[in-house]
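Undergrad: dropping the sequence and predicted coords here.
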Amino acid sequence: MQLLRKLANQGRTIILVTHATANIRICDRVVFLGRGGRLCYFGSSREALTFFSVNTGDFADIYNELETSDENINEWVNNFRQSEYYRNYISNHLSIDNLKPPTNLPPKQQPASFWQQLFILIERYFKLIFRDPINLGLALLTAPIGIGLILFAVRDKNPFIGDPEPTLAPLALRVLFVFTCAWFMG
């Protein structure tokens, strides 16, 4: 929680779902939901204890209060909607003035074209490849080794010149299969 507090102090928005109540006091704002996701409270953590009339100072008592019955939850929902906390934290932020779009927004950027995206992806791929010299070396060696194995299997019997021998096809397929498996494994 201390790390999350430090990030929040740096201006980042942190949203955390927890049932651990030990460090809730560190949070700026807390939300308590009843069954069915009904909003029973939103505001500062210190004010939550006051709103729920918890005298023990233990946030676990708020959870216990919200686990009793649907009627009790409806009562808390209505109490919150009529409270000063609702006006301060929700109503005032949903006013008509806040719903107007800001006028000083930067212009929308044009989406990158297909060719720009392709160039970026190719550039990233080559950066990744060149940053891993072992994988690059293996990739550069497997092609000549595979070609050499196929030539060794076929030897001086070229299937493209003259009549191909029917016995070469299964052998070439086996070598090609082994080469393909090695390529994908490594």
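TA: Yep, that arrived. Residues are numbered from 1 along each chain as shown.

Undergrad: hey, let's count contacts and neighbours off CA atoms from now on
TA: Will do.

Undergrad: measure Ala22 to Pro106 for me?
TA: Going from Ala22 to Pro106 by CA to CA, to the nearest Å gives 43 Å.

Undergrad: the more surrounded of the two?
TA: Ala22 (11 against 6; other CA atoms under 10 Å).

Undergrad: quick check: mean pLDDT across stretch 87-96?
TA: Here stretch 87-96 scores 75 as its mean pLDDT.

Undergrad: buried residues in it?
TA: By 16 or more other CA atoms under 10 Å, stretch 87-96 has no buried positions at all.

Undergrad: so after the lowest-mean-pLDDT helix or strand in the chain, what's the next helix or strand?
TA: Ranked by mean pLDDT, DSSP states H and E, the helix or strand of the chain with the weakest confidence is helix 96-99, at a mean of 59. Under the assignment DSSP states H and E, the closest C-terminal helix or strand after helix 96-99 is helix 114-130.

Undergrad: what's the first helix or strand after that following helix?
TA: The first helix or strand that comes after helix 114-130 along the chain, using DSSP H and E, is helix 133-154.

Undergrad: on contacts alone, who are the packing partners of the next helix or strand after that following helix?
TA: Downstream of helix 133-154, the first helix or strand assigned by DSSP H and E is helix 168-185. On a contact count with 3 or more CA pairs under 8 Å, 6 or more residues apart in numbering; DSSP states H and E, helix 168-185 meets helix 133-154.

Undergrad: what packs against the helix it packs on?
TA: Counting by 3+ CA pairs under 8 Å, 6+ apart, helix 133-154 packs on helix 114-130, helix 168-185.

Undergrad: other residues contacting the shortest one?
TA: In this structure, residues lying in contact with helix 114-130 by CA atoms under 8 Å, 6 or more residues apart in numbering are Asn135, Leu136.

Undergrad: how big is the angle separating that helix from helix 133-154?
TA: Angle, helix 114-130 to helix 133-154, by axes from the mean of the first three to the mean of the last three CA atoms, to 10 degrees: 90 degrees.

Undergrad: nice, that's everything, thank you.
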